[in-house]
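> predicted model and sequence below, questions to follow.
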Amino acid sequence: MKQRTFSVRALALILALLIAEPFSLLAQSSPDLPDPGSPSGITREQQIQVGQQAAAEVYKQMPVLSDSSPVTRYIQELGRKLESVIPSDRSWPYQFHVVQQKEINAFALPGGPVFVNIGTIEAADNEAELAGVMAHEMSHVYMQHSAKQAGKTSTLQGLAGILGAVLPGNAAGNIARLGIQLGAGTLSLKYSRSDEAQADAVGAIIAYKVGYNPKGMADFFQKLEAQGGSGPQFLSDHPNPGNREASIEKEIQNWPPKNYQTNSEAFARAKQESNGIKSYSAQEIADGAKQGAWAQQNQRNGAIPPNVPVSSNSGNSGNSGGSPAASGGSITNVSLKDVRPSSRFKQYQGNNISIAYPDNWQVNNGQSGLLIAPAAGVSEGGIAYGTLISGGQDQNAQSLDQATQDLIRSLQQQNQGMQQSGSISHIQVNGTQGRSVYLTGSSPVTQNGRPLPERDWLVTLPASQGGLLYLVFISPDKDFNSLKSTYQKMLRSLQMR
């Protein structure tokens, strides 16, 4: 009798465990968003800032619906729904907008702006597909792919952007640094196949957590590929990392089953509304961008968010300056007397270097480098007088001469019109053998509406572990000789640790 009692109790316990176990397994199998990590060399604030700069170019290059449009409101509502499952400490200030373009495309900029073409809304067979595409784009922001790609640059091409990135106004340089390509009516972000695979996986988690079948995203991509030429830009920007369908099925096979939502009345209304909105072909958009039509239209329609400054007189973006300092706004009311350095010097002490500088100049120590300059010699987007100090790795260089040449070429690519003046010479800086060369370009200081010629003195030095330290001493050409003794004194005081 006692034995039977024990067996009944044991059976009850086993049943209880069998009943409880599926719920335990489900809880353990539920997917979590991965830790996105942190890219080197660019902060969260800088990513947001570059995203806003790139968004300003979008409003010059493309026709965008206003936030009052029912289609935009629907996309924003769907975006907020997807955003709600991202932990607040890892989320970004996402914004959602609709481009009046017929072709299928969607893209997300660093820091959170997401743009979806009308053609993408019309091509989606159901809300799960559209949500999957948007979740995929949001995942590129979440994983900070653009910023990480910039940090992987193995040559000094990426380091040239540091010169502009010290100050916030060099929009063109900052945008290019993160791999964002802008042209007449087009914007392109080139991701690697590994980035695409990661965005697929993270996007699937976001869609699943909201209640959409994660396969919707793969179905949409597969449909585009089957159609061939219907979405060339989309497929170019989003290279297939492999069999998306199989990869996502493998990813979700152990996730707890759900009653997925496929469609909504709001989706059906948005599709119907989008059919009545004027949309443009890629060629029409390119033509309009060259004429500056979209900036004007977007301003008239109230499509431009208040935190995105866009002038209507510029159709194309570009770096018009010829020097590291010339990429930003002009400085019209400054001369040597406004920036003349004091004879009294103070010492800057950093982790890797120390250097003396005039006590009436200021130090700006940013993520990308050190700027020492007089307040009057710097505008929001330009450096007219001062010294930039930065460094990095050039894995392709076998010598300091080669690294210096690579840096010069990168600076010239980043700054239209920059020229090398004379040959590279040897220089000794406190016992360290370095290289010295002069560069010429256009200063942000203007006279009679035209930029003054500028002279930049570039000094490169070998740093620890094969790295490179470089200094750029900047001035309008007419004032350089008056500042040269100050720049030489600063260089002689330089100590590397």
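Sure thing, it's come through. A quick note: this is a predicted structure, and the numbers were derived from the prediction, not measured.

> can you give me the end-to-end span of stretch 373-385?
End-to-end distance of stretch 373-385 (C-alpha to C-alpha, to the nearest Å): 6 Å.

> which strand runs longest in this structure?
Once the chain is assigned using DSSP state E, the strand that runs over the most residues is strand 432-447.

> what pLDDT, on average, does it get?
Averaging pLDDT along strand 432-447 yields 91.

> show me what that strand is packed against.
Helices and strands touching strand 432-447, by 3 or more C-beta pairs under 8 Å, 6 or more residues apart in numbering; DSSP states H and E, are helix 400-414, strand 419-429, strand 450-462, strand 467-476. Quick note: C-beta positions are derived from backbone N, CA and C, even for glycine.

> between it and helix 400-414, how many degrees?
If you take axes from the mean of the first three to the mean of the last three C-alpha atoms, to 10 degrees, strand 432-447 sits at 20 degrees to helix 400-414.

> use 57 as the first number from now on
Happy to do that; since the first residue is 57 now, the last one works out to strand 488-503.

> and the helix or strand where residue 109 lies, what other elements does it pack with?
Assigned by DSSP states H and E, residue 109 falls within helix 100-117. Packing contacts for helix 100-117, counted by 3+ C-beta pairs under 8 Å, 6+ apart, involve strand 169-173, helix 227-233, strand 236-239, strand 242-245, helix 338-346, helix 349-357.

> repeat that for 6 Å
For helix 100-117, the elements it packs on are helix 227-233, judged by 3 or more C-beta pairs under 6 Å, 6 or more residues apart in numbering; DSSP states H and E.

> so residue 448 sits in a helix?
No - Residue 448 is assigned strand when assessed by DSSP: H, G, I helix; E, B strand; the rest coil, not a helix.

> excluding chain neighbours, what is closest to residue 119?
Spatial nearest neighbour of residue 119, excluding adjacent residues (C-beta to C-beta, 6 or more residues apart in numbering): residue 156 at 4.2 Å.

> read off the pLDDT value for that neighbour.
Per-residue confidence at residue 156 stands at 96 (pLDDT).

> quick one, what contacts it?
Residue 156 makes contact with 119, 174, 335, 336 under the criterion C-beta atoms under 6 Å, 6 or more residues apart in numbering.

> would a markdown table of the residues you listed with neighbour count, secondary structure and distance to residue 397 be doable?
Compiled in a markdown table, those are given as follows (neighbours: other C-beta atoms under 10 Å; DSSP: H, G, I helix; E, B strand; the rest coil; distance: C-beta to C-beta, whole Å):
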| residue | neighbour count | secondary structure | distance to residue 397 |
| --- | --- | --- | --- |
| 119 | 25 | coil | 50 |
| 174 | 26 | helix | 56 |
| 335 | 20 | coil | 57 |
| 336 | 20 | strand | 54 |
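
> closest to residue 183 out of those?
Comparing these against residue 183 with C-beta to C-beta places residue 174 closest, at 15.8 Å.

> gap between that closest one and residue 116?
Here residue 174 is placed at a distance of 19 Å from residue 116 (C-beta to C-beta, to the nearest Å).

> for residue 252, same thing?
According to C-beta to C-beta, residue 252 stands 28 Å off from residue 116.

> so between those two, which is more surrounded?
A count of neighbours by other C-beta atoms under 10 Å puts residue 116 above the other of residue 252 and residue 116, at 25 against 22.

> for that one, which non-adjacent residue is closest in space?
Distance criterion C-beta to C-beta, 6+ apart; nearest residue to residue 116, sequence neighbours excluded, is residue 351 at 4.6 Å.

> tell me how many other residues crowd that neighbour.
Neighbours around residue 351, by other C-beta under 10 Å: 25.

> again with residue 355
Taking other C-beta under 10 Å as the criterion, the count of residues near residue 355 is 14.

> still on that earlier bit, deepest-packed of the helices and strands packed on strand 488-503, please.
strand 523-532 (a mean of 24; mean count of other C-beta atoms under 10 Å).

> could you say what helices and strands that strand packs with?
strand 442-449, strand 506-518.

> okay, the angle between that strand and strand 442-449?
Following the same axes, to 10 degrees, one obtains 160 degrees for the angle between strand 523-532 and strand 442-449.

> which strands and helices sit next to whatever helix or strand comes next after strand 523-532?
Toward the C-terminus, strand 523-532 is succeeded by helix 533-549 as the next helix or strand (DSSP H and E). If you count contacts as 3+ C-beta pairs under 6 Å, 6+ apart, helix 533-549 packs onto strand 409-414, strand 506-518.

> let's go with 7 Å and repeat that
strand 409-414, strand 506-518, strand 523-532 (3 or more C-beta pairs under 7 Å, 6 or more residues apart in numbering; DSSP states H and E).

> what about the stretch 257-406 of the chain, any weak spots by pLDDT?
Segments of the stretch 257-406 of the chain classed as low confidence (criterion: pLDDT under 70) are 283-295, 297-298, 363, 365-388.

> strands of that one, residue ranges please.
With DSSP state E, counting those that start in this stretch, the ranges of strands along the stretch 257-406 of the chain come out as 401-405.

> can you check the stretch 57-206 of the chain too?
For the stretch 57-206 of the chain, the strands defined by DSSP E, counting those that start in this stretch cover 151-155, 162-164, 169-173.
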